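K.L.:
Everything below, folded, please.
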Amino acid sequence: MKRLERRTDPAEMIRAALRGMANGIWTALPGIVESVNLAAQTVTVQPSVREQVTMDDGTPASVPLPLLPDVPIIFPSGGGYSLTFPVEPGDECLVVFADRCIDAWWQSGGVQEQADLRAHDLSDGFAVFGPRSQPRKLSGVSSSSVQLRADDGSAAVEISASGIALHHPSAVTITSSHVTIDAPVTVTGPITAPNGATIGGIPFGSHHHTGVHAGSDTSGGPTS
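P.N.:
Numbering: from 1, shown residues only. The predicted structure is shown next:
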């Protein structure tokens, strides 16, 4: 006979039954990435909270939850644009479980029939990256600006009330067919232009001056 069957308080029996039902409803769990498939944009996640269960003999036990395979990664996106970032084994995440089976939608998109009538199941999670345990918390988080940054703070794009700043320990590269700067420019370091620079249509490094005179006279303007 099970312990529940030996209870004499009907209210406690109902509460125990409800607790049992609630334990089977999965909503969200922190997890640790075991492996990554960026081609499919999925991860395998080990839930980082152990499950408390009651053995057949009535003794309590703590057991690890199973690995969650093929969990879709959530990258913030919309309107034809996305924010992506590397995902690596060991990264922490929050796995959020859908109310219903997502298999058919995941495979085909659009509106689909449920491939299975399961609900709040460990098989239907999405991996949201950002939650961190205390040992992995970020250091030096700005209280006055928005940053897109490396975890160690070595590189960042920073937006604040005073302006926009790019920080990188080695180099910042801009690749484009054309760059327009509609503002005064201040340069505090040397300028290198391996392919030459043009100012007002005149080559900066190889142009000539007209009206050259000796002594303290001033030359004429540059020509191409």
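K.L.:
Go ahead and list the helix or strand containing the closest residue in space to P47 that isn't next to it in sequence.
P.N.:
Nearest residue to P47 in three dimensions, chain neighbours excluded: L65, at 4.0 Å (Cβ to Cβ, 6 or more residues apart in numbering). Placement of C-beta: from N, CA and C, glycine included. For L65, there is no host helix or strand (DSSP states H and E).
K.L.:
do you know how far L65 is from R136?
P.N.:
Taking Cβ to Cβ, to the nearest Å as the measure, L65 falls 20 Å from R136.
K.L.:
do the same with D121
P.N.:
28 Å.
K.L.:
S216 now?
P.N.:
Between S216 and R136 the computed distance is 68 Å (Cβ to Cβ).
K.L.:
S142 against I159, yeah?
P.N.:
No - no contact is recorded between S142 and I159 when judged using Cβ atoms under 8 Å, the distance being 10.1 Å.
K.L.:
Let's verify the closest residue to D151 other than its chain neighbours: helix, strand, or coil?
P.N.:
Closest residue to D151 in three dimensions, ignoring its sequence neighbours and counting by Cβ to Cβ, 6+ apart: L138, at 6.3 Å. The three-state assignment at L138 reads coil, by DSSP: H, G, I helix; E, B strand; the rest coil.
K.L.:
still on that earlier bit, ok, now which ones touch the residue nearest to P47?
P.N.:
Residues counted as contacts of L65 (Cβ atoms under 8 Å, 6 or more residues apart in numbering) are 29, 46-47, 49-51, 122.
K.L.:
what do you get for L117?
P.N.:
Under the criterion of Cβ under 8 Å, 6+ apart, the contact list for L117 reads C101.
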